[in-house]
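1. everything below, folded, please.
(2 chains)
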There are 2 protein chains.
Amino acid sequence: MKIFTKIAESRAKIRKLKDQKRSIGLVPTMGFLHEGHFSLIKQSVKENDFTVVTVFINPLQFGEGEDFELYPTDFKKDCELLEKVGADMVFHPSIKELYLENFLTKVSVKKITEKMCGQRRPGHFDGVCAVIIKLFNIFNPDNAYFGKKDYQQLQAIKKLVIDLNYDINIVGMPIIRERDGLAMSSRNAYLKDNERDSAICLYKSFNIVGKLLSQGYRNSEDIEKGVSFFIQSFENVKIDYIAIVDKETLEEIFCIDKSFLLALAVFIGKTRLIDNKIFEV
Amino acid sequence: MKIFTKIAESRAKIRKLKDQKRSIGLVPTMGFLHEGHFSLIKQSVKENDFTVVTVFINPLQFGEGEDFELYPTDFKKDCELLEKVGADMVFHPSIKELYLENFLTKVSVKKITEKMCGQRRPGHFDGVCAVIIKLFNIFNPDNAYFGKKDYQQLQAIKKLVIDLNYDINIVGMPIIRERDGLAMSSRNAYLKDNERDSAICLYKSFNIVGKLLSQGYRNSEDIEKGVSFFIQSFENVKIDYIAIVDKETLEEIFCIDKSFLLALAVFIGKTRLIDNKIFEV
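-> Next comes the predicted model:
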């Protein structure tokens, strides 16, 4: 496994591989890797001849007052683990290498990014789209892997690929969870011991939804209320949003008559966690 | 020369060419071709193994009340001429083929597109960027050719390519003019006989600028005034804008102390024409 920090040398490597007709899998990450990332990387290793993992904390996708400065890193450990899991190349550029002084291009996916995290984190998905297009254009992958924990991101990228005619297969991979159900996230590292207990409220609220559905509730407002009451019964929590939406368009659903996505963002202390689940009815 | 209307078959063809290591030149047009287009195509034929000319009137780059419905077409004649000039492939998709029902992605290049035509034609350059990215992603060209008559478009596309890390060389080609100096444009076909005489005001105003500069004028407002008086001495004209700007950033220049771009948009009757020239001082 080789570490690349420059675009030009990465392109040269990719060009050689393409000439040899080797398929390329791309796994974009911000590092501080966990089992969630590894599941993507393993899938890519299985499905492609060559797997590129990018480790880059993208400043464009952080808003003011968010945790860009604090975002956890351990590049040395990441590399050790990436080697084990079978990645072929790590791309770890500086901010300067990826964004020249005067970055002027803005890419937005309308509608899909307007609610939920997009509403709570203005500019976040524009930043995601910009960096993902850059990585697509540098690595020209056959397949690119994203976790379903960031469900809204996954839908935005899928739409971006269709709208802009990228010839890239976007693979969405299941959420990987801790034993007790907490969705794996680099941000879990922020949680203090007492907060860790409260963090389980996101996953546990899915049970509440299941119960309410089985009791015949079909009004999304009722279900959101049930989830809200449940989450607020935990210590140190503040709900950012609870959304019941169409699993493709992410448009709000009011009366539940088909499968839907429940998406949550909850502050546990100062740590903002997200989770989601698709429910069939 | 073969005509393609579908993205999938075009991609398949391009993939074959890439496998054979053949270089690809792309010339995006809206058809109704003239000598301006041919100069781009000839350059592409000279510099690439395979030249793709796209003929597509892109609805996204027309504003409300603009000439999308009226834009001149003669695809049969275009094809005859393209054959002669050496194009290898024409891509002529339907609107439906290029834009699925629900196009949600918006691509903007800030600053560069905010003044001049961008200000007068809101959304125009976003539409240009979207279609150009789509064509880049479908054809994956080595070189892409654009005329300098659309100077602001050229600068926006150059910035897009840098910002989004496209591995594409953007070639800007000189303005091709009629004998009397009128810049070639498909929209010249709109001009009635009496309007054709007035249309020369854009090109002729460059002489005025040259004179004012040689007389020592360095205040851009003075020069714009001179151009404005001159243009208004013609019949049936209405100035849309006169801009003196930096030739790279397109930022306004107030006191002229270096080379600059003079860019003009003038309505001749109902026909909006543009032209530009770089002046050295």
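
2. burial measure for A:Glu83, as a count.
-> Other residues near A:Glu83 number 12, with proximity taken as other C-beta atoms under 10 Å in any protein chain shown. In this view, the C-beta of every residue, glycine as well, is placed from N, C-alpha and C.

3. so which bits of the stretch 101-250 of chain A are right by chain B?
-> Applying C-beta under 8 Å from any C-beta of the partner chain, one finds that the stretch 101-250 of chain A approaches chain B through A:103-112, A:130, A:133-134, A:137-138, A:159-160, A:162-167.

4. so which of those residues are in strands?
-> Under the assignment DSSP state E, these contribute A:105-109 to strands.

5. which of those has the most neighbours?
-> Of all those, the most densely surrounded is A:Val107 (27 neighbours; neighbours counted as other C-beta under 10 Å).

6. residue contacts, that one?
-> A:Val107 makes contacts with A:126, A:129-130, A:133, A:160, B:105-108, B:164, as judged by C-beta atoms under 8 Å, 6 or more residues apart in numbering or on different chains.

7. any idea what it is bridged to?
-> When bridges are taken as DSSP bridges, the partners of A:Val107 come out as B:Val107.

8. ok, back up a step: pipe the ones in strands among the residues of the stretch 101-250 of chain A next to chain B into CSV and attach distance to B:Glu9 per row.
-> Conversion of these to CSV gives the following (distance: C-beta to C-beta, whole Å):
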residue, distance to B:Glu9
A:Thr105, 30
A:Lys106, 32
A:Val107, 28
A:Ser108, 30
A:Val109, 27
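
9. now the strands for the stretch 151-281 of chain A?
-> Applying DSSP state E, counting those that start in this stretch to the stretch 151-281 of chain A gives strands spanning A:169-173, A:237-245, A:260-268, A:271-279.

10. buried deepest among these, which one?
-> strand A:260-268 (a mean of 22; mean count of other C-beta atoms under 10 Å in any protein chain shown).

11. same question for it, mean pLDDT?
-> With pLDDT averaged residue by residue, strand A:260-268 scores 98.

12. now do that strand: distance to the chain's middle.
-> The offset between the C-alpha centroid of strand A:260-268 and the centroid of the whole chain comes to 13 Å, using C-alpha atoms, centre = their mean, to the nearest Å.

13. check the stretch 151-281 of chain A for the residue nearest chain B and tell me.
-> A:Asp163 (3.8 Å; C-beta to the nearest C-beta).

14. I figured that residue hits B:Leu98, correct?
-> No. At 10.2 Å, A:Asp163 and B:Leu98 do not qualify as touching, with contact defined as C-beta atoms under 8 Å.

15. common neighbours of those two, please.
-> Joint contacts of A:Asp163 and B:Leu98 (C-beta under 8 Å, 6+ apart) are B:Lys134.

16. picking up where we left off before, as a markdown table, the strands of the stretch 151-281 of chain A with distance to B:Cys117 would be great.
-> Converted to a markdown table, these look like this (distance: least, C-beta to C-beta, whole Å):
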| stretch | distance to B:Cys117 |
| --- | --- |
| strand A:169-173 | 35 |
| strand A:237-245 | 39 |
| strand A:260-268 | 41 |
| strand A:271-279 | 41 |
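
17. compare these and give me the one nearest B:Lys6.
-> Closest approach to B:Lys6 among the strands of the stretch 151-281 of chain A (C-beta to C-beta): strand A:169-173, 19.5 Å.

18. does A:Thr271 touch A:Leu202 like I think?
-> No. Because the distance of 11.5 Å does not satisfy C-beta under 8 Å, A:Thr271 is recorded as not touching A:Leu202.

19. at the geometric centre of chain A, which residue do we find?
-> With distances taken as C-alpha atoms, centre = their mean, the residue of chain A nearest its centroid is A:Asp150 (3.2 Å).

20. Provide the secondary structure category for it.
-> Following DSSP: H, G, I helix; E, B strand; the rest coil, we place A:Asp150 in the helix state.

21. tell me the domain ranges of chain A?
-> Chain A resolves into domains spanning A:2-173, A:186-279 when parsed by automatic domain parsing.

22. determine which stretch of those is the most buried.
-> Comparing these by mean neighbour count (mean count of other C-beta under 10 Å), domain A:2-173 ranks first with a mean of 19.

23. quick one: mean pLDDT for it?
-> On average, the pLDDT along domain A:2-173 is 97.

24. end-to-end on that domain?
-> The straight-line separation of the ends of domain A:2-173 (C-alpha to C-alpha, to the nearest Å) is 25 Å.

25. between the ones in strands among the residues of the stretch 101-250 of chain A next to chain B, which is nearest B:Gly172?
-> Lowest distance from B:Gly172 to these (C-beta to C-beta) belongs to A:Thr105, with 18.6 Å.

26. OK, now which residue of the stretch 1-150 of chain A is nearest to chain B?
-> For the stretch 1-150 of chain A, C-beta to the nearest C-beta, closest residue to chain B: A:Thr105, 3.8 Å.

27. the closest residue to that residue other than its chain neighbours: what's it in contact with?
-> The shortest distance from A:Thr105 to any residue that is not its chain neighbour, by C-beta to C-beta, 6 or more residues apart in numbering or on different chains, is 3.8 Å, and that residue is B:Asp163. The contact partners of B:Asp163, by C-beta under 8 Å, 6+ apart, come to A:100, A:103-105, A:130, A:134, B:109.

28. show me the helices in chain A, by range?
-> Secondary structure of chain A by DSSP state H: the helices cover A:7-19, A:35-47, A:75-85, A:95-98, A:116-120, A:124-139, A:151-163, A:193-198, A:201-214, A:220-232.

29. out of those helices, the one nearest B:Phe56 is which?
-> helix A:151-163 (15.8 Å).

30. from the chain's centroid, how far away is the closest one?
-> Per C-alpha atoms, centre = their mean, the centroid offset for helix A:151-163 relative to its chain is 11 Å.

31. alpha carbons of that helix, as CSV, please.
-> Output in CSV follows, covering the C-alpha atoms of helix A:151-163 (Å, rounded to 0.1, in the frame of the first residue of the first chain):
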residue,chain,number,x,y,z
TYR,A,151,-28.0,8.6,4.0
GLN,A,152,-28.7,12.1,2.8
GLN,A,153,-25.1,12.4,1.5
LEU,A,154,-25.5,9.1,-0.3
GLN,A,155,-28.7,10.2,-2.0
ALA,A,156,-27.2,13.5,-3.0
ILE,A,157,-24.2,11.8,-4.5
LYS,A,158,-26.3,9.3,-6.4
LYS,A,159,-28.3,12.2,-7.9
LEU,A,160,-25.1,14.1,-8.7
VAL,A,161,-23.8,11.1,-10.6
ILE,A,162,-27.0,10.7,-12.6
ASP,A,163,-27.4,14.4,-13.3
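
32. relative to helix A:124-139, how tilted is that helix?
-> Our comparison of helix A:151-163 with helix A:124-139, counting by axes from the mean of the first three to the mean of the last three C-alpha atoms, to 10 degrees, yields an angle of 50 degrees.

33. next, the angle strand A:105-109 makes with helix A:151-163.
-> Taking the same axes, to 10 degrees, helix A:151-163 and strand A:105-109 form an angle of 110 degrees between their directions.

34. and helix A:151-163 with strand A:260-268, angle?
-> Note on geometry: by the same axes, to 10 degrees, helix A:151-163 and strand A:260-268 are set 130 degrees apart in direction.

35. how far does stretch A:112-124 stretch from start to finish?
-> Start to finish, the residues bounding stretch A:112-124 are 13 Å apart (C-alpha to C-alpha).

36. just stretch A:194-205 next, same as before
-> Stretch A:194-205 has an end-to-end distance of 19 Å (C-alpha to C-alpha).

37. ok, stretch A:100-120 next?
-> With C-alpha to C-alpha as the measure, the ends of stretch A:100-120 fall 28 Å from one another.

38. how far away from the center of its chain is that stretch?
-> Using C-alpha atoms, centre = their mean, we find the averaged C-alpha position of stretch A:100-120 to lie 15 Å away from the chain's own average C-alpha position.

39. what's the answer for stretch A:247-260, then?
-> 21 Å.

40. one more: stretch A:225-233?
-> With C-alpha atoms, centre = their mean as the basis, the distance from the averaged C-alpha position of stretch A:225-233 to the chain average is 25 Å.
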